[in-house]
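>>> coords below, sequence missing:
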């Protein structure tokens, strides 16, 4: 009897949860479907859901008209470049804070976090001016450096929380066996740290890919990544829903897939280890 | 001796990160402070000298200041309320045993990974367009007059778009927190005959309080900086000019750098007050 009640509750919960899940996901699904319609079908009243002539012409047209691929490559270079650069700088820092902590470690960590809270708009003009002076406005290098600096505190924090979980006993054992600091880092710590480093990289590529303040304000035609490319659709001419959908689908698909793999790290990374 | 050696090695390893962040923080900040005390119009005469606190006074006394503060409070407050209430309910639901839990979870968190310009444009055109949008079709189907979402209901529309983006974040964090709740405690309360609402208020809510605080603080910091969603939908028109957007317009659109910088300093002070609270909570959790 009790079993039946639980099952009934499970059915109800399942139905409600799926309905809400699909409702929340619907805008993404609809964008995906629209990307395969013709422009006329895309605005048809009543709307067509699944039964239309699927076409790929929007994808080819977006590429031909506005060189989608160039912007995609810009996004990849900027997001991956800034993350790798950030990780290279952050690993030694996080390492030393996790394994050779001093009285000031906590203060330094919190201070790093505080730089993340600096509102971008408050320093927009200085950065703009510096970029013009250095000749890196609308360049991939400039954006890579800015996004690296923005995400550096999160990268240090994430790596720090991962490194902290590596048991100290192992280090002591290797030291007893006479391992040098270099050997200790290369052969003992690194293999254990790889999963943590990988998830840090994953989450920060996502964050850099979607960043939409600096990418919009510091780029024009040359270095514009997908965020800026999509924004150029805000003042369109003629029918464009299907093409907007195609461009959007391509812009979010890779990151959506990466995001689904990084759900767990997301919580840890974005709450700075305060919720695990 | 080894410890002393590793101490200095540690300091050396930390140096690049600390140095870069220090420069990143101090140089632009110093420049913003400097500009905020000067009359600086790059397109109309350049740097016209020191004006004291003139910019600070003018920024606050301008007719668009208080409306922008109000807009900011409405956006931040409404999005927080919506994402927290729905987030708690959704997290409770997803914590129950259901079929296909993994897939539902994926569907729910998906919006968080959509870049802001995409979600803003998709909502603006494909859903909220008064002629061809899906909502317009839906309204007409029920015989209602389609709503001009982004001009007649501009603020609620923006709140809706931003809430859609941030609901996954709140849900995911609250779900993680709920899953760490000791289920025996809940079962014991159930055995003792505590009704559902009492169990919710006396066991679940206290357990979630820390996660809720963190969601509020982190979201507030990001919500104060909402930019792309306004940039591509209304461009700050129809009463959607937040403080961030007002500063952006002063600096880049009307090229009044002095005035914009004074606004920037206000924004930095505001963000730092919030950051202080967040640091306390994060710091407490840190046993370094």
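Ah, there it is. Everything numeric here is computed off the predicted structure, so don't read it as measured data.

>>> can you classify residue B:237 as helix, strand or coil?
Using DSSP: H, G, I helix; E, B strand; the rest coil, the structure places residue B:237 in coil.

>>> neighbours of it, just the number please.
By the measure other C-beta atoms under 10 Å in any protein chain shown, the count of residues near residue B:237 is 12. In short, each C-beta sits where N, CA and C put it, glycine included.

>>> do the same with residue B:131
Counted with other C-beta under 10 Å, the neighbours of residue B:131 add up to 10.

>>> in which helix or strand would I find it?
Taking DSSP states H and E as the definition, one finds residue B:131 inside no helix or strand.

>>> wouldn't it be in contact with residue B:148 here?
No - in this structure, residue B:131 is not within contact of residue B:148 by C-beta atoms under 8 Å, at 9.8 Å.

>>> residue contacts, the closest residue in space to residue B:208 that isn't next to it in sequence?
Closest residue to residue B:208 apart from its sequence neighbours, by C-beta to C-beta, 6 or more residues apart in numbering or on different chains: residue B:177 at 5.4 Å. The contact partners of residue B:177, taken as C-beta atoms under 8 Å, 6 or more residues apart in numbering or on different chains, are A:275, B:91, B:207-208, B:210-211.

>>> so what pLDDT did the nearest residue to residue B:51 once chain neighbours are set aside get?
Closest residue in space to residue B:51, ignoring its immediate chain neighbours: residue B:39 at 4.8 Å, by C-beta to C-beta, 6+ apart. For residue B:39, the pLDDT comes out at 88.

>>> so which residue is smack in the middle of chain A?
Nearest residue to the geometric centre of chain A (C-alpha atoms, centre = their mean): residue A:206, 1.0 Å.

>>> can you pull the buried residues of the helix or strand harbouring it?
Residue A:206 belongs to helix A:190-210 when assigned by DSSP H and E. Residues of helix A:190-210 classed as buried: A:193, A:196-197, A:199-210 (neighbour count, 16 or more other C-beta atoms under 10 Å in any protein chain shown).

>>> what helices or strands is it leaning on?
Here helix A:190-210 touches helix A:68-99, helix A:140-164, helix A:241-261, helix A:263-270, going by 3 or more C-beta pairs under 8 Å, 6 or more residues apart in numbering or on different chains; DSSP states H and E.

>>> could you single out the most deeply buried of those helices?
helix A:140-164 (a mean of 23; mean count of other C-beta atoms under 10 Å in any protein chain shown).

>>> quick one: name whatever helix or strand follows the helix holding residue A:206.
Assigned by DSSP H and E, the successor of helix A:190-210 is helix A:214-217.

>>> could I get the average pLDDT for the next helix or strand after that next one?
Note on helix A:214-217: by DSSP H and E, the next helix or strand toward the C-terminus is helix A:226-231. Helix A:226-231 comes out with an average pLDDT of 88.

>>> give me the pLDDT value at residue 153.
If you meant another chain, say so; for now it's chain A. 91.

>>> sorry, should have said chain B
So residue B:153 comes in at 87 (pLDDT).

>>> which stretches of chain B form helices?
B:2-36, B:54-61, B:65-95, B:101-109, B:116-121, B:134-141, B:149-152, B:154-179, B:183-191, B:196-199, B:205-224, B:228-233, B:243-248, B:257-284 (DSSP state H).

>>> deepest of the ones you listed, which one?
Comparing the helices of chain B by mean neighbour count (mean count of other C-beta under 10 Å), helix B:116-121 ranks first with a mean of 26.

>>> that helix packs against which elements?
helix A:226-231, helix A:241-261, helix B:154-179, helix B:228-233.

>>> a markdown table for those helices, including distance to residue A:27?
Converted to a markdown table, these look like this (distance: least, C-beta to C-beta, whole Å):
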| stretch | distance to residue A:27 |
| --- | --- |
| helix A:226-231 | 15 |
| helix A:241-261 | 10 |
| helix B:154-179 | 7 |
| helix B:228-233 | 14 |
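
>>> and those helices: which comes nearest residue A:64?
helix A:241-261 (10.7 Å; C-beta to C-beta).

>>> what is the rounded mean pLDDT of that closest one?
The average pLDDT within helix A:241-261 is 89.

>>> what angle do it and helix B:154-179 make?
20 degrees (axes from the mean of the first three to the mean of the last three C-alpha atoms, to 10 degrees).

>>> helix A:241-261 close to chain B?
Yes - if you take C-beta under 8 Å from any C-beta of the partner chain as the test, helix A:241-261 does meet chain B, through A:241, A:244-245, A:248, A:251-252, A:255-256, A:258-260.

>>> quick check, the worst-scoring helix or strand of chain B on mean pLDDT touching chain A?
Within chain B, confidence by mean pLDDT, DSSP states H and E is lowest for helix B:183-191 among all helices and strands, at a mean of 77. No - Helix B:183-191 is not in contact with chain A by C-beta under 8 Å from any C-beta; minimum separation 12.6 Å.

>>> contact partners of that helix?
B:198-199, B:202-204.

>>> 7 Å instead?
Helix B:183-191 has contacts (C-beta atoms under 7 Å, 6 or more residues apart in numbering or on different chains) with B:199, B:203.

>>> show me how far it is from its chain's centre.
36 Å (C-alpha atoms, centre = their mean, to the nearest Å).

>>> same deal with stretch A:98-109?
Offset of stretch A:98-109 from its chain centre (C-alpha atoms, centre = their mean): 27 Å.

>>> distance of the residue nearest to the centre of chain A from residue A:269?
9 Å (C-beta to C-beta, to the nearest Å).

>>> for residue B:18, same thing?
21 Å.
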